[in-house]
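Engineer: output the structure for:
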Amino acid sequence: MGWLDFYKVPFLLILTKADKLPKNKLITQINTIGSELSKYKYLSGIIPFSAVTGDGRIELLKTVERHIKQKDIRTPKILTSAVA
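Structural biologist: The predicted structure follows:
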């Protein structure tokens, strides 16, 4: 995270295993982590996620989609001289 912040690369923190905590403890944990990581200017958000329940899945996918739409994504050129 320090490296990403130093080079001004926006990043997102995904808290996995969100189903392991009761909702009120999860909110407390997110707030605690958020305040401890507030020094990182390029931390764009924290998303709790659970592969078991699917919680956070839609938010994560929408965030990734929004990021992709904001970027100019191009297909990398294949270097034919490097292909044997």
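Engineer: please make it C-alpha for all contacts and neighbour counts, starting now.
Structural biologist: Will do.
Engineer: run through who's touching the one helix or strand Ile27 maps to.
Structural biologist: In this assignment (DSSP states H and E), Ile27 forms part of helix 23-36. Applying CA atoms under 8 Å, 6 or more residues apart in numbering, the contact partners of helix 23-36 are 18, 46, 48.
Engineer: any buried residues in that helix, and which?
Structural biologist: Neighbour counts over helix 23-36 (16 or more other CA atoms under 10 Å) mark 26, 34 as buried.
Engineer: rounded mean pLDDT for that helix, please.
Structural biologist: Averaged across helix 23-36, pLDDT comes to 93.
Engineer: what strands line up against the helix or strand just after that helix, and which way round?
Structural biologist: Next helix or strand after helix 23-36 toward the C-terminus (DSSP H and E): strand 43-48. Applying DSSP bridges, strand 43-48 is found paired with strand 11-15 (parallel).
Engineer: now do the partner strand: distance to the chain's middle.
Structural biologist: Chain-centre distance of strand 11-15: 3 Å, with CA atoms, centre = their mean, to the nearest Å.
Engineer: which intervals of this structure have sub-threshold pLDDT?
Structural biologist: Applying pLDDT under 70 to the chain flags the ranges 71-84.
Engineer: if I pick Asp19, what's in contact with it?
Structural biologist: Applying CA under 8 Å, 6+ apart, the residues contacting Asp19 are 49-50, 52-53, 55.
Engineer: what about Pro48, neighbour count?
Structural biologist: Pro48 has 20 neighbours, counted by other CA atoms under 10 Å.
Engineer: what's across from it in the sheet?
Structural biologist: For Pro48, the beta-bridge partners are Leu15 (DSSP bridges).
Engineer: contacting residues around it?
Structural biologist: Applying CA under 8 Å, 6+ apart to Pro48 gives the contacts 14-18, 30, 55-56.
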